[in-house]
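Participant: I'd like to go over a predicted model; first the sequence, then the structure.
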Amino acid sequence: MKTTISISVDKSAKDSAREVAESVGLTLSALINAYLKQVAATRRIELYAPEKMTPKLEKLIGKAEKEIARGETIGPFDNVEDFLAALKS
């Protein structure tokens, strides 16, 4: 037996969720049903809200990517001893 739930959601959240669902061949309704079944089966609610990157973090990541591209980094290491030796040098 099917039932209807009426909820108010943020339009951008709905559009983004629909896009994700469609990218894996699901309708938004099927995605929501699957999540509700998962909650019922596991008795757990798992939510994820990624933090937005700050301008400072974006700058640091950009700097690190440039250093990697220029070959100014050390590693990767095959073992812990080589890693510790590099730290001490």
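Facilitator: Great, that's in hand. Numbers count the residues shown, from 1 in each chain.

Participant: What is the burial count for E19?
Facilitator: Residues lying near E19 (other CB atoms under 10 Å) number 10. For every residue, glycine as well, the C-beta is placed using N, CA and C.

Participant: Next: the one 5 residues further on.
Facilitator: As a burial measure, the neighbour count of V24 was computed by other CB under 10 Å and equals 8.

Participant: Spatially central residue for the chain, please.
Facilitator: The chain has P50 as the residue nearest its centroid, 6.7 Å off, counting by CA atoms, centre = their mean.

Participant: so where does it fall, helix or strand?
Facilitator: Using DSSP states H and E, P50 is not contained in any helix or strand.

Participant: and if you look at E65?
Facilitator: If you go by DSSP H and E, E65 is part of helix 55-69.

Participant: got a list of contacts for that helix?
Facilitator: 53, 73 (CB atoms under 8 Å, 6 or more residues apart in numbering).

Participant: Starting from that helix, tell me the next helix or strand along the chain.
Facilitator: Next along the chain after helix 55-69, taking DSSP H and E as the criterion, comes helix 80-88.

Participant: For that next one, name the packing helices and strands.
Facilitator: Applying 3 or more CB pairs under 8 Å, 6 or more residues apart in numbering; DSSP states H and E, one finds that helix 80-88 contacts no other helix or strand.

Participant: Which of the residues in stretch 31-42 are classified as buried?
Facilitator: By 16 or more other CB atoms under 10 Å, the buried positions in stretch 31-42 come out as L31.

Participant: what about the nearest residue to T73 once chain neighbours are set aside, distance to F83?
Facilitator: Setting aside the residues directly before and after it, T73 is nearest to E67 in space (CB to CB, 6 or more residues apart in numbering), at 5.6 Å. According to CB to CB, to the nearest Å, E67 and F83 sit 18 Å apart.
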